[in-house]
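> Mind folding the following:
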Amino acid sequence: MLIRIPFLRDAAEIVLAHQEFYDGSGYPRGLRGDQIPLGARIFTIADSLDAMISDRPYRRALPLSHAREEIRRCSGSQFDPEVVRVFMSIREQHWIELRENLGSPFRLTHLRNL
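Coordinates of the predicted model:
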């Protein structure tokens, strides 16, 4: 659907590729490494983090520290090691503050502590 909207064409590729795994074991196309668009490699970490730290009908949210360790553990298989390195360089408190401000309008000051 997104590919038909000119200004969302690039986003369509990110959506399509965000289930690809860095080692090539993902889907739908079995892309690996740099074949996966950078935006999708970034988005897959954001999506995975959100899935782990959010309540689900089948389980309670996991602690942020657990989610970060899982992302670190899957570096090189599910996730791009370089993107994981950058993700891990952002202190845990920053993610907590972002989560707390989800209902607030976004402001550039939210990025001050990166």
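
> where along this protein do the helices fall?
With DSSP state H, the ranges of helices along the chain come out as 9-17, 38-53, 64-73, 81-89, 92-100.

> is it possible to export these to a markdown table including mean pLDDT and mean neighbour count?
C-beta: built from backbone N, CA, C; applies to glycine. Output for the helices of the chain, formatted as a markdown table (pLDDT from 0 to 100; neighbours: other CB atoms under 10 Å):
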| stretch | mean pLDDT | mean neighbour count |
| --- | --- | --- |
| helix 9-17 | 91 | 15 |
| helix 38-53 | 95 | 17 |
| helix 64-73 | 96 | 15 |
| helix 81-89 | 97 | 14 |
| helix 92-100 | 84 | 13 |
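
> Mind putting those into JSON lines with distance to residue 29?
Shown next, in JSON lines, are the helices of the chain (distance: least, CB to CB, whole Å):
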{"stretch": "helix 9-17", "distance to residue 29": "7"}
{"stretch": "helix 38-53", "distance to residue 29": "11"}
{"stretch": "helix 64-73", "distance to residue 29": "23"}
{"stretch": "helix 81-89", "distance to residue 29": "19"}
{"stretch": "helix 92-100", "distance to residue 29": "30"}
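
> List just the one of those that sits closest to residue 23.
helix 81-89 (10.6 Å; CB to CB).

> list the helices and strands the closest one packs on?
helix 38-53, helix 64-73 (3 or more CB pairs under 8 Å, 6 or more residues apart in numbering; DSSP states H and E).

> how far is the last one from where the chain is centred?
Between the mean C-alpha point of helix 64-73 and the mean C-alpha point of its chain there is a distance of 12 Å (CA atoms, centre = their mean, to the nearest Å).

> now swap in the first one and tell me
In terms of CA atoms, centre = their mean, the centre of helix 38-53 is set 1 Å apart from its chain centre.
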